[in-house]
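# structure for this input, please:
(one chain, ligands or ions: 1)
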Amino acid sequence: MANNLLSGKKGVIFGALDEQSIAWKVAERCVEEGAQIVLTNAPVALRFGKINELAEKLNTEVIPADATSEEDLENLFTKSMEIMGGKLDFALHSIGMSINVRKNRGYTDIKYEWMQKTFDISAISFHKMMQTLLKLDAVNDWGSILALTYIAGQRTFPDYNEMAESKALLESFARSFGYHFGTQKKVRVNTISQSPTWTTAGSGVKGFKEFFDYADKMSPLGNASADACADYCVAMFSDFTKMVTMQNLYHDGGFSNMGLNPAVLGM
Ligand SMILES: NC(=O)c1ccc[n+]([C@@H]2O[C@H](COP(=O)([O-])OP(=O)(O)OC[C@H]3O[C@@H](n4cnc5c(N)ncnc54)[C@H](O)[C@@H]3O)[C@@H](O)[C@H]2O)c1
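Numbers count the residues shown, from 1 in each chain. All right, here's what the predicted structure looks like:
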């Protein structure tokens, strides 16, 4: 169901790898709601993923950018404004990758060089993205910037490894940059804390199936799907949420406020 909630708005969406990616669903929903978008991902993801298929379907362009490179980000936003003929109204950071998880290094056997790379890709890239947008004056007043996060930023989920600290850092950047973007440009910045979701990044976490099923049972509404997350992102990019900023917003079927659900115990 489309309501033209984003009619006339322009945005950049990071992180659509394949049709399971949350960013893929967000891109589809934004276009359905009347937005003009540019897609981006790391050059390596362009080779292995399916982003070009999505771009064709949505009749939009893909600009490669490694989100850890300030040069790539500057090029991305400058070209996006040229292509779309004006400043942006929204941007989605949907990027996460842990080198230690990928290489099977546990939390008490971390390789710090990899940890720093993980923080750079999964969190500092969000600061870089916002700093570049601000310096280029690339966002219209009342624009909306979002990043996706997970509740391991607040609570302990042992197998989430160093991604827990990445998410805590990411959420903190949203609060701190939210102040600066709000006072200088009336732009809002928030994070959406999403339920476990079956994607390439999600299913890379050890024991993901058990983890997914547990959260599903624990949440009164069940796990929020990627499609539902896309709807929420559209709402956050729309003019109906203009005064929401510097928040970590749970989109998790109620999981974050549960203590015990008898369903988990089979009662
Ligand atoms: N899947 C889940 O269970 C879940 C739950 C909560 C939050 N999230 C968050 O949602 C976001 C999107 O993940 P997803 O689950 O859709 O998985 P995904 O694997 O589809 O997306 C992750 C994306 O990050 C991109 N990326 C990696 N390194 C990059 C770099 N250097 N520059 C630019 N892009 C880079 C990848 O190419 C990929 O497109 C992540 O921040 C993730 O942590 C996921």
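# strands of the chain, start to end?
Assigned strands in the chain, in chain order: 10-14, 36-40, 61-62, 88-93, 139-149, 188-194, 247-251 (criterion: DSSP state E).
# can you add mean pLDDT and mean neighbour count and give those strands back as a markdown table?
Backbone N, C-alpha and C define where each C-beta goes, glycine included. Output for those, formatted as a markdown table (pLDDT from 0 to 100; neighbours: other CB atoms under 10 Å):
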| stretch | mean pLDDT | mean neighbour count |
| --- | --- | --- |
| strand 10-14 | 98 | 26 |
| strand 36-40 | 98 | 26 |
| strand 61-62 | 98 | 15 |
| strand 88-93 | 99 | 27 |
| strand 139-149 | 98 | 23 |
| strand 188-194 | 99 | 24 |
| strand 247-251 | 98 | 19 |
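# can I get these in TSV with distance to the ligand?
Formatted as TSV, the strands of the chain follow (distance: least, CB to the nearest ligand atom, whole Å):
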stretch	distance to the ligand
strand 10-14	6
strand 36-40	7
strand 61-62	12
strand 88-93	7
strand 139-149	4
strand 188-194	4
strand 247-251	9
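# Leu54 is nearest to which of those?
Among those, the nearest to Leu54 by CB to CB is strand 36-40 (6.5 Å).
# direction included, what does the closest one pair up with?
strand 10-14 (parallel), strand 61-62 (parallel) (DSSP bridges).
# for the protein, just list every one of the helices.
Using DSSP state H, the helices of the chain run over residues 22-32, 43-48, 51-58, 70-84, 99-102, 112-119, 125-135, 163-185, 200-203, 208-218, 226-237.
# please identify which of these is closest to Thr149.
Nearest of the helices of the chain (CB to CB): helix 163-185, 4.7 Å.
# still on that earlier bit, and among the helices of the chain, the most buried is which?
helix 22-32 (a mean of 24; mean count of other CB atoms under 10 Å).
# show me what contacts Asn140?
Gly86, Lys87, Leu88, Asp89 (CB atoms under 8 Å, 6 or more residues apart in numbering).
# how near is it to Thr40?
19 Å (CB to CB, to the nearest Å).
# next one: Leu169
21 Å.
# check this protein for the residue nearest the ligand and tell me.
Nearest residue of the chain to the ligand (CB to the nearest ligand atom) works out as Gly202 at 2.5 Å.
# surely that residue and Phe208 touch.
Yes - between Gly202 and Phe208 there is a contact under CB atoms under 8 Å: 6.3 Å.
# what is in contact with these two at once?
Residues touching both Gly202 and Phe208 by CB under 8 Å, 6+ apart: Pro196.
# so which bits of the stretch 151-267 of the chain are right by the ligand?
Counting by CB under 6 Å from any ligand atom, the positions of the stretch 151-267 of the chain adjacent to the ligand are Gln194, Pro196, Thr197, Thr199, Thr200, Ala201, Gly202.
# check those and tell me the two furthest apart.
Pairwise over those, using CB to CB, the maximum falls at Gln194 and Thr200, 14.6 Å.
# pLDDT of stretch 118-136, averaged?
Throughout stretch 118-136, pLDDT has a mean value of 98.
# list the contacts of that stretch.
14, 67-68, 70, 73-74, 77-78, 81, 88, 91, 93, 95-100, 138-139, 145, 147, 162-163, 165-167, 169-170, 173-174, 177, 180-181, 184-185, 189.
# any idea which helix or strand of the protein has the worst average confidence?
helix 200-203 (a mean of 82; mean pLDDT, DSSP states H and E).
# how far does that one sit from the chain's center?
Offset of helix 200-203 from its chain centre (CA atoms, centre = their mean, to the nearest Å): 13 Å.
# for stretch 2-20, same thing?
Worked out by CA atoms, centre = their mean, stretch 2-20 lies 12 Å from the chain centre.
# what's the first-to-last distance across it?
21 Å (CA to CA, to the nearest Å).
# now do the buried residues in it.
Leu5, Leu6, Lys9, Lys10, Gly11, Val12, Ile13, Phe14, Gly15, Ala16, Leu17, Gln20 (16 or more other CB atoms under 10 Å).
# ok, the residue nearest to Ile110 when sequence neighbours are not counted to Leu134 distance?
Excluding the flanking residues, the one nearest Ile110 by CB to CB, 6 or more residues apart in numbering is Asn100, at 5.6 Å. Asn100 sits at a distance of 31 Å from Leu134 (criterion: CB to CB).
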